[in-house]
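Chemist: I'll drop the sequence and a predicted model, then ask my questions.
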Amino acid sequence: MTTVVADTGDIDAIRAFKPEDATTNPSLLLKAARLPAYGSLVLRCIVEAGLNAQASQAQIDDCTDLLLIALAEEILAIVPGRVSLEVDARLSFSTEKTLSRARRLVARLKQRGIEKDRILIKIASTWEGILAASVLEKEGVQCNLTLLFGFAQAAACANAGVYLISPFVGRILDWYKANTDLADFPPEEDPGVVSVKAIYEYYKQHGYSTYVMGASFRNIDEIEALAGCDKLTISPALLDELSKAEGHLPQKLQPNSPHKVREKISHSEAEFRWAMNQDAMAGEKLAEGIRDFGADQTKLETLLMNMACEKTAKMVAS
């Protein structure tokens with residue numbers, strides 16, 4: 001009833017759970033780069049990019065792209081479907097820079113024999129990011145719009161014709177726990193679950209082709225409450241918990257089931273920004289998500305530079 005996507009960069013976990021697709025992000029890439037099992041792969045990227053103590057930002061960007069591509073190659077050797085590759089979150093407010101980075105990734109992947117139909121370019125759901133995705137989709141490059149928390153973002157993504165969106169269930173729940181008096185929510189009333197259901201029903205009601213892929217889960221109850229969603233991207237820990245669970249799993253989301261009638265939305269830029277401004281949860285979680293992914297991108301660059309310097313020091317010593 002739902003396509004399962006692995007939310008990890010851990011090759012062993014992907015091999016164990018055999019998902020249809022896989023997603024990555026800067027945090028997962030940083031985590032993977034720190035694992036000893038990836039040491040030789042990371043060093044290979046450092047050498048190929050010519051990274052050293054005097055490296056330019058262009059060389060550092062090149063190295064992170066090479067690492068992302070190398071990880072994609074490893075993942076695509078296991079999954080039959082696609083892998084989502086995220087554009088640097090620090091470019092989230094520049095349509096042109098997002099386009100440039102995405103096109104470069106696609107071109108380099110093609111050089112490695114990976115065609116467009118095996119990847120999704122993952123972009124933050126800012127106004128600028130949605131515009132970039134609209135252009136890429138017209139170029140035949142399908143996109144995964146991430147860090148999606150508000151209905152205005154979902155409506156804009158559908159109007160832009162993007163392939164897939166990733167609404168973040170668990171982070172929505174986190175916000176409501178931190179900003180209301182409620183500490184616990186039944187699965188059907190979980191605000192993240194409610195949000196994804198509303199988006200799913202709106203898309204089906206108006207015949208949008210954009211896939212809905214729930215993401216960022218805190219527990220398996222959230223996942224089970226969204227059974228029937230087009231896709232769900234799930235961490236290895238929760239995949240393991242689900243694999244051990246027993247019992248009947250009813251399909252909660254049905255494309256043809258009766259749903260709340262909602263008028264089609266088509267926002268201008270000003271209207272989109274106002275809608276995000278009025279949705280405190282969506283505005284705050286989008287900003288926080290971009291900051292966090294940006295910080296992890298910076299940490300990844302620091303890690304690569306430190307490894308490059310250590311490699312250079314060893315060569316000099318020998």
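Modeler: Structure received.

Chemist: Every contact and neighbour count from this point should use C-alpha atoms.
Modeler: Noted.

Chemist: So which residues of this structure form strands?
Modeler: In the chain, the strands defined using DSSP state E lie at 3-7, 21-23, 83-86, 119-124, 143-148, 164-167, 211-214, 231-234.

Chemist: could those go into CSV alongside mean neighbour count?
Modeler: Listed next are the strands of the chain as CSV, based on neighbours: other C-alpha atoms under 10 Å:
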stretch, mean neighbour count
strand 3-7, 22
strand 21-23, 26
strand 83-86, 26
strand 119-124, 26
strand 143-148, 27
strand 164-167, 26
strand 211-214, 24
strand 231-234, 24
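
Chemist: TSV please, covering the ones you listed and showing mean pLDDT and distance to residue 48.
Modeler: Output for the strands of the chain, formatted as TSV (pLDDT from 0 to 100; distance: least, C-alpha to C-alpha, whole Å):
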stretch	mean pLDDT	distance to residue 48
strand 3-7	92	27
strand 21-23	91	25
strand 83-86	95	20
strand 119-124	98	23
strand 143-148	98	27
strand 164-167	98	33
strand 211-214	98	35
strand 231-234	96	32
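
Chemist: Let me know which of these is the nearest to residue 42.
Modeler: Closest to residue 42 of those, according to C-alpha to C-alpha: strand 83-86, at 16.9 Å.

Chemist: Spatially central, which residue of the protein would that be?
Modeler: In the chain, the centroid-proximal residue (C-alpha atoms, centre = their mean) is residue 146; its distance is 4.9 Å.

Chemist: Please name the bridge partners of that residue.
Modeler: On the basis of DSSP bridges, residue 146 is bridged to residue 124.

Chemist: can you pull the contacts of residue 231?
Modeler: 2, 3, 4, 5, 211, 212, 213, 214 (C-alpha atoms under 8 Å, 6 or more residues apart in numbering).

Chemist: ok, now how distant is it from residue 252?
Modeler: 13 Å (C-alpha to C-alpha, to the nearest Å).

Chemist: Tell me where the stretch 1-150 of the chain has helices.
Modeler: With helices called from DSSP state H, counting those that start in this stretch, the stretch 1-150 of the chain shows them at 11-17, 26-33, 39-49, 57-76, 95-111, 127-138.

Chemist: Using CSV, lay out those helices together with mean pLDDT.
Modeler: Shown next, in CSV, are those (pLDDT from 0 to 100):
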stretch, mean pLDDT
helix 11-17, 89
helix 26-33, 87
helix 39-49, 91
helix 57-76, 93
helix 95-111, 97
helix 127-138, 98
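
Chemist: any chance of those helices in TSV, with distance to residue 311 and mean neighbour count too?
Modeler: Formatted as TSV, those follow (distance: least, C-alpha to C-alpha, whole Å; neighbours: other C-alpha atoms under 10 Å):
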stretch	distance to residue 311	mean neighbour count
helix 11-17	25	16
helix 26-33	16	20
helix 39-49	8	17
helix 57-76	15	19
helix 95-111	25	17
helix 127-138	37	21
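
Chemist: how far away is the residue lying closest to residue 73 once chain neighbours are set aside from residue 71?
Modeler: Excluding the flanking residues, the one nearest residue 73 by C-alpha to C-alpha, 6 or more residues apart in numbering is residue 114, at 7.9 Å. The gap separating residue 114 from residue 71 is 12 Å, by C-alpha to C-alpha.

Chemist: what does residue 237 give?
Modeler: Distance from residue 237 to residue 71, counting by C-alpha to C-alpha: 20 Å.

Chemist: which residues sit in contact with residue 105?
Modeler: Residues in contact with residue 105, defined by C-alpha under 8 Å, 6+ apart, are 65, 69.

Chemist: check contacts around the residue nearest to the centre of the chain.
Modeler: Residue 146 is in contact with 122, 123, 124, 125, 165, 166, 167, 168, counting by C-alpha under 8 Å, 6+ apart.

Chemist: Could you do residue 154 as well?
Modeler: The neighbourhood of residue 154, defined by C-alpha under 8 Å, 6+ apart, consists of 148, 165, 199.

Chemist: ok, now residue 30?
Modeler: So residue 30 contacts 296, 297, 299, 300 (C-alpha under 8 Å, 6+ apart).

Chemist: From the structure, what's the count of residues near residue 246?
Modeler: Other residues near residue 246 come to 7 when the count uses other C-alpha atoms under 10 Å.

Chemist: Can you tell me which of the contacts of residue 154 is closest to residue 283?
Modeler: With C-alpha to C-alpha as the yardstick, the closest approach to residue 283 among the contacts of residue 154 comes from residue 148, at 9.8 Å.

Chemist: Please list all residues in contact with the residue lying closest to the closest one once chain neighbours are set aside.
Modeler: Leaving aside its chain neighbours, residue 148 sits nearest to residue 167 (4.6 Å; criterion: C-alpha to C-alpha, 6+ apart). Shown in contact with residue 167 (C-alpha under 8 Å, 6+ apart): 146, 147, 148, 149, 196, 212, 213, 214, 215.
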